[in-house]
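# Prediction below, plus the sequence it came from.
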Amino acid sequence: MPDIDKITEGELLPVREFRPDAVQLFLYNAALWNAHRIHFDHPYATGVEDHAGLVVAGPLLGDWLTQCALDWLGDSGRLLSFEYSNRKLSYVGEVLRSEGKVLSVDRARSEVTLELAIRNQSGEVTTPGTAVVRFDRA
Amino acid sequence: MGTTLDPGLLVRIGSSTPPQTEVVTRRDIRKYAIATGQRLRKYLDGDEAPPTFHVALFWPVAALPELRPDGVAVDELFPEIPGKRPLAGGLKIEFHRPIRPGDVLTSTRTLTGIYEKQGATGPLVFMEVVMQVVNANREPVLTEKTTRILK
């Protein structure tokens, strides 16, 4: 668990690797009730919409950014705000990783601003984001 | 700077969807937590919903005839612009209180803005929709702003 009195700007959050597959995409989109064929119909995704494969859902990548922050934060506090954008598509078969960095620490408010990203195996940031977390006061 | 946006489009700013009320269940939280690869016990056990759970909770439960051939349900709040297609979009969420099983939540979505910006390869149209989620006591649970970019 991080201690807000010891966190420094630039500190890195643990990296996590993701290998999204068709089963996870199916479960995710079923949980939403999202029937967009690009997530489960390979001939359609590649033949009709010209994708390189099954498209990993953008909001799922956004969720992984929140997990990057919360896996680090644990039970020390909570997420106050979060923003991200999907800049580049990712496909099933790619190896993705989430990463994060402490951008600023506001000890008076017990708040930490984090820079977050999903990066693909070419090293490109596909999904940049930021989050603000608040530590519970002791 | 002038805009080339159709005035018929701009009058839609301020329009809202009817409020949508949903009951949060432990089962739905658990399914969402598993599908997203959660690691934290409170989410996997369904004691609390992960931060992005509302995406699933309020996704429209469209009937089969409402789905287009590509499987997508048309979002009537976002106006379509002939000749333009959606590009990347972004999301900003403010969390006011946690979501737990048994919560009865109501969401209202409002089209708050349509504006144009000059991109490197031509004009881009930005559309913003704000979703307000409140609990049964009308207390704020979260506010989400989605920006959709059309090229």
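Looks like it arrived, so ask away.
# Next, see if the lengthiest helix in chain B gets close to chain A.
Ranked by residue count under DSSP state H, the longest helix found in chain B is helix B:26-35. Yes - applying CB under 8 Å from any CB of the partner chain, one finds helix B:26-35 touching chain A at B:28, B:31-32, B:34-35. All C-beta atoms are positioned from the backbone trio N, CA, C, and that covers glycine.
# which other helices and strands contact that helix?
With contacts taken as 3 or more CB pairs under 8 Å, 6 or more residues apart in numbering or on different chains; DSSP states H and E, helix B:26-35 sits against helix A:22-32, helix B:41-44, helix B:53-57.
# most tightly surrounded among those helices?
helix B:53-57 (a mean of 23; mean count of other CB atoms under 10 Å in any protein chain shown).
# contact partners of it?
A:31-33, A:59, A:63, B:22, B:24, B:28-29, B:32, B:49, B:99, B:105, B:107, B:131, B:133, B:141-142, B:144 (CB atoms under 8 Å, 6 or more residues apart in numbering or on different chains).
# Enumerate the residues of chain B near chain A.
B:28, B:31-32, B:34-40, B:50-52, B:55-56, B:59-62, B:67, B:70-73, B:88-95, B:98, B:147.
# Just the buried subset of the residues you listed, please.
Buried subset of these (neighbour count, 16 or more other CB atoms under 10 Å in any protein chain shown): B:28, B:31-32, B:34-38, B:40, B:50-52, B:55-56, B:62, B:71, B:73, B:88-93, B:95, B:147.
# residues touching A:Thr113, list them.
A:102-106, A:130-132.
# Of the residues you listed, which is the most crowded?
A:Ala131 (25 neighbours; other CB atoms under 10 Å in any protein chain shown).
# quick one: the lengthiest helix in chain A near chain B?
Identified as the longest helix of chain A according to DSSP H is helix A:58-73. Yes - using CB under 8 Å from any CB, helix A:58-73 reaches chain B at A:58-60, A:62-64, A:66-67, A:70-71.
# contacting residues around B:Ser107?
B:Ser107 touches B:19-20, B:22, B:54, B:57-58, B:131-133, counting by CB under 8 Å, 6+ apart.
# Taking these, please make a ChimeraX selection of just the buried ones.
Only the buried entries of these go into this ChimeraX selection, using 16+ other CB under 10 Å:
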select /B:20,22,54,57,58,131,132,133
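# need the contacts of B:Ser107 in CSV with pLDDT and distance to A:Gly123, can you?
Output for those, formatted as CSV (pLDDT from 0 to 100; distance: CB to CB, whole Å):
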residue, pLDDT, distance to A:Gly123
B:Pro19, 97, 44
B:Gln20, 97, 40
B:Glu22, 98, 40
B:His54, 98, 32
B:Leu57, 98, 35
B:Phe58, 97, 35
B:Met131, 97, 34
B:Gln132, 98, 38
B:Val133, 98, 36
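# I'd like to know which of the contacts of B:Ser107 is nearest to A:Arg97.
Of all the contacts of B:Ser107, A:Arg97 sits closest to B:His54, with 25.7 Å by CB to CB.
# for B:Ala49, phi and psi?
The phi/psi pair for B:Ala49 (degrees, to the nearest 10) reads phi -90, psi 140.
# Tell me who's in contact with it.
B:24, B:29, B:32, B:43, B:57, B:98-100 are the contacts of B:Ala49 under CB under 8 Å, 6+ apart.
# Looking at those, which is nearest chain A?
Ranked by distance to chain A (CB to the nearest CB), the contacts of B:Ala49 are led by B:Tyr32 at 4.9 Å.
# Tell me how far the closest one lies from B:Glu76.
In this view, B:Tyr32 and B:Glu76 are 25 Å apart by CB to CB, to the nearest Å.
# same deal with A:Glu99?
Distance from A:Glu99 to B:Glu76, by CB to CB: 37 Å.
# which one of the two has more residues nearby?
Taking other CB under 10 Å, A:Glu99 and B:Glu76 do not tie; A:Glu99 has more neighbours (17 against 11).
# what about that one, which helix or strand?
strand A:96-106 (DSSP states H and E).
# now swap in A:Thr46 and tell me
With DSSP H and E as criterion, A:Thr46 is part of helix A:42-47.
# Now that helix: buried residues?
Quick answer for helix A:42-47 (16+ other CB under 10 Å): A:44-45.
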